[in-house]
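In: Test case, fold it:
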Amino acid sequence: MSLLHGQDCAAFFQENDLLLAWTNRQPLGRVITCVGDGHDGIWNLITQIGESFQRREVLDWYHLVENVHKVGGSNKRLRRVESYLWNGEIELALAEFEGFQTKPVVNFKNYVRKHSERIPDYGLYQDLGICIGSGSVESTIKQIGARMKITGAQWKAENVAQVLKLRCAYLNRAIA
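Out: Residues are numbered from 1 along each chain as shown. Predicted coordinates:
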């Protein structure tokens, strides 16, 4: 699913080539903020949007915090780590787990290192009005998912793309 300018929306069920073609046909700004949850599939798609110098890649704040809390342990430490990450202080956040070698800690450290270029000063971005979360896209996906599960509805996989297009048209106010 792609959401542009906070309103234009398109969704393509298992049709990434069509999604990318639609996105790249839209008028793109000089800087494009691309927010993702850390999944390689998302970032592989994002690398095909616009030009690399146009993209501002941001690791979704909610998903980053979700991964912090998977580590477990002291709530006080986890809050400090969150605070460091909110300010883009990656090394200070990782230092909080110095000496810990549990699987959750190792996984978290690897996640943060892998996406370190996508971890900005979230507080600054929020103050500047730059998107730091994928909540609006995920909310739209959940709305579509809820409609697909309406009691008594029967859906065929080949019809999903048409339903997604209709829902996006509605959200874009292209139809009443």
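
In: Mind jotting down where the helices sit in this protein?
Out: Assigned helices in the chain, in chain order: 16-25, 40-46, 61-71, 75-86, 90-95, 103-114, 122-128, 135-148, 160-171 (criterion: DSSP state H).

In: Against residue 73, how distant is the residue positioned nearest the centre of the chain?
Out: Centroid-nearest residue in the chain: residue 36, 2.7 Å away (criterion: C-alpha atoms, centre = their mean). Spatial separation of residue 36 from residue 73 under the definition C-beta to C-beta, to the nearest Å is 27 Å. Heads up, the C-betas are built off the backbone N, CA and C, glycines and all.

In: circling back to that earlier point, I figured the residue nearest to the centre of the chain hits residue 46, correct?
Out: Yes - between residue 36 and residue 46 there is a contact under C-beta atoms under 8 Å: 6.1 Å.

In: Now the common contact residues for the two.
Out: residue 57 (C-beta atoms under 8 Å, 6 or more residues apart in numbering).

In: ranking the helices of the chain by burial, who's on top?
Out: Sort the helices of the chain by mean neighbour count, taking mean count of other C-beta atoms under 10 Å, and helix 61-71 sits at the top with a mean of 18.

In: Counting by contacts, list what that one packs against.
Out: helix 75-86, helix 103-114 (3 or more C-beta pairs under 8 Å, 6 or more residues apart in numbering; DSSP states H and E).

In: that older thread, any idea how far the residue nearest to the residue nearest to the centre of the chain when sequence neighbours are not counted is from residue 87?
Out: Excluding its sequence neighbours, the residue lying closest to residue 36 (C-beta to C-beta, 6 or more residues apart in numbering) is residue 42, at 3.9 Å. The gap separating residue 42 from residue 87 is 24 Å, by C-beta to C-beta.

In: and what of residue 29?
Out: Taking C-beta to C-beta, one finds residue 29 at 26 Å from residue 87.

In: Looking at those two, which is more packed in?
Out: Using other C-beta atoms under 10 Å, the more surrounded residue of residue 29 and residue 87 is residue 87, with 15 against 12.
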